[in-house]
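*Asks:* Fold the following.
(one chain, ligands or ions: 1)
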Amino acid sequence: MRQKLVVGNWKMHGSRASVDALLGDLAGGTAGAAAEVAVCPTYVHLDQALKLCAGSTLSVGAQDCSHMASGAYTGEVSAEMLAELGCRWVILGHSERRQYHAESDDLVAAKLAAAISAGLQAIVCVGETREQRENGEAEAVVGAQLKGALADQASLEGLVVAYEPVWAIGTGLTATPEEAQDMHAYIRESLDGIAGVDPAQTRLLYGGSVKAGNAAELFAQPDIDGALVGGAALVAEDFRAIVEAAR
Ligand code: PGA
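*Replies:* Numbers count the residues shown, from 1 in each chain. Now for the predicted structure:
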């Protein structure tokens with residue numbers, strides 16, 4: 001049985017005051033949840049978030065990490081540093097990284113290798129653009145992203161994959177539960193061909209305009225094991241409702 005996982009991707013949002021307020025509410029408000037719950041604030045809010053989540057069931061992750069271990073890489077943060085701080089998770093290959101920072105599958109693979117070696121649990125994001133979907137290329141694109149990131153890794157135990165169609169992120173458009181399920185089934189099938197992955201144990205999250213109103217029907221799909229939530233993760237009441245939908 002795969003336990004549902006709901007992860008908040010806070011992107012470049014938050015202040016010390018808002019992190020205090022949001023986690024003050026969530027740390028108690030998600031106790032006893034059926035789903036495992038994690039939040040991914042900005043690098044500068046990680047330490048604060050870790051302190052606020054200590055002793056709760058919430059775990060904390062980063063939104064990215066460097067592919068390098070250490071050295072003269074101005075502006076970068078290594079996977080080891082995140083692990084030492086106490087982070088459990090790291091989101092890798094988010095479409096905003098691919099789009100605004102030109103991250104390739106090779107770079108995502110190198111970051112994943114760094115995360116694995118540091119003992120972080122990676123949430124690897126894949127997803128097609130609207131144009132790719134309209135051209136009938138969605139599965140080919142997602143399949144190539146999976147292979148590109150996951151091939152030849154030392155260990156993929158605990159891997160999480162997030163399917164986030166680019167056209168659904170922050171747009172209010174969501175894949176229908178059937179569209180999402182179809183792609184999740186395809187992803188699980190594709191994982192079967194990748195060494196070191198146990199497809200039946202790998203949690204597959206859906207992301208892209210997940211809200212309290214659509215979470216339950218997404219979570220009811222057999223291959224959807226939770227959600228990676230952006231906008232709605234910044235409002236305690238909305239995020240709690242998504243977590244509750246996993247019950
Ligand atoms: P959204 O973002 O929920 O605001 O669409 C999801 C994500 O980018 O992870």
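*Asks:* which residue packs closest to the residue in the chain that the ligand sits nearest to, ignoring adjacent ones?
*Replies:* Closest residue of the chain to the ligand, C-beta to the nearest ligand atom: residue 230 (2.2 Å). For every residue, glycine as well, the C-beta is placed using N, CA and C. With C-beta to C-beta, 6 or more residues apart in numbering as the criterion, residue 230 has its nearest non-adjacent residue at 5.2 Å, and that residue is residue 9.
*Asks:* Ramachandran angles for that neighbour?
*Replies:* Backbone torsions for residue 9, taken as degrees, to the nearest 10, come to phi -100, psi 100.
*Asks:* ok, it touching residue 40?
*Replies:* Yes. Under the criterion of C-beta atoms under 8 Å, residue 9 is in contact with residue 40, at a separation of 5.2 Å.
*Asks:* Need the residues touching each of these two.
*Replies:* Contact criterion C-beta atoms under 8 Å, 6 or more residues apart in numbering; residues shared by residue 9 and residue 40: 63, 91.
*Asks:* Tell me who's in contact with residue 58.
*Replies:* 23, 26, 27, 30, 37, 38, 39.
*Asks:* Out of these, name the ones that lie in helices.
*Replies:* Among those, the members found in helices (DSSP state H) are 23, 26, 27.
*Asks:* For residue 1, see how far away the residue lying closest to the last one once chain neighbours are set aside is.
*Replies:* With sequence-adjacent residues excluded and distances taken as C-beta to C-beta, 6+ apart, residue 27 is closest to residue 56, at 4.0 Å. Plainly put, residue 56 is 23 Å away from residue 1 if you go by C-beta to C-beta, to the nearest Å.
*Asks:* More neighbours: these two, which one.
*Replies:* More crowded of residue 56 and residue 1, by other C-beta atoms under 10 Å: residue 56, with 15 against 4.
*Asks:* pretty sure that one contacts residue 28?
*Replies:* Yes. If you go by C-beta under 8 Å, residue 56 and residue 28 touch, sitting 7.3 Å apart.
*Asks:* I figured the residue of the chain closest to the ligand hits residue 13, correct?
*Replies:* No. At 9.1 Å, residue 230 does not count as touching residue 13 under the criterion of C-beta under 8 Å.
*Asks:* More neighbours: which of those two?
*Replies:* The residue with more neighbours, out of residue 230 and residue 13 and counting by other C-beta under 10 Å, is residue 230; that gives 21 against 16.
*Asks:* Need the pLDDT of the more buried one.
*Replies:* According to the predicted model, the pLDDT of residue 230 comes to 98.
*Asks:* same check, this time on residue 145
*Replies:* Looking at residue 145, its pLDDT is 98.
*Asks:* Ignoring the adjacent residues along the chain, who's closest to it?
*Replies:* In space, not counting the residues next to it along the chain, residue 145 is nearest to residue 126; the distance is 4.1 Å by C-beta to C-beta, 6+ apart.
*Asks:* Go ahead and confirm residue 110 touches residue 67.
*Replies:* Yes. In this structure, residue 110 sits in contact with residue 67. The criterion is C-beta under 8 Å, and the distance is 3.6 Å.
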